[in-house]
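Visitor: this one's structure only:
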């Protein structure tokens, strides 16, 4: 028996939902009226939020 056999199954539905809805913010082209600095800030914020969600999902 391995260590993973003793762990409860991970419910990835909330993670899949978040990823599905965050993909546009992670990869969208520049939005109307948005500067390159705004674009980078938006993408960084989305990536940070997604990173936090990943960390919570595996905790």
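Guide: Received it, and whenever you're ready, just let me know what you need. These figures come from a predicted structure and were not determined experimentally. Numbers count the residues shown, from 1 in each chain.
Visitor: Any idea which helix or strand in the protein has the lowest mean pLDDT?
Guide: The weakest-scoring helix or strand in the chain, judged by mean pLDDT, DSSP states H and E, is helix 13-27 (a mean of 75).
Visitor: just checking, what packs against the very next helix or strand once past that helix?
Guide: Next helix or strand after helix 13-27 toward the C-terminus (DSSP states H and E): helix 36-58. When contacts are defined as 3 or more Cβ pairs under 8 Å, 6 or more residues apart in numbering; DSSP states H and E, helix 36-58 sits against helix 13-27. Backbone N, C-alpha and C define where each C-beta goes, glycine included.
Visitor: Please identify the buried residues of the helix it packs on?
Guide: 15, 18 (16 or more other Cβ atoms under 10 Å).
Visitor: Kindly calculate the angle that it makes with helix 36-58.
Guide: Taking axes from the mean of the first three to the mean of the last three Cα atoms, to 10 degrees, one finds that helix 13-27 is oriented at 170 degrees with respect to helix 36-58.
Visitor: ok, and the closest non-adjacent residue to the spatially most central residue of the chain?
Guide: In the chain, the centroid-proximal residue (Cα atoms, centre = their mean) is residue 50; its distance is 2.5 Å. Nearest-residue entry for residue 50: residue 22, 5.4 Å, with adjacent residues in sequence omitted and distances by Cβ to Cβ, 6 or more residues apart in numbering.
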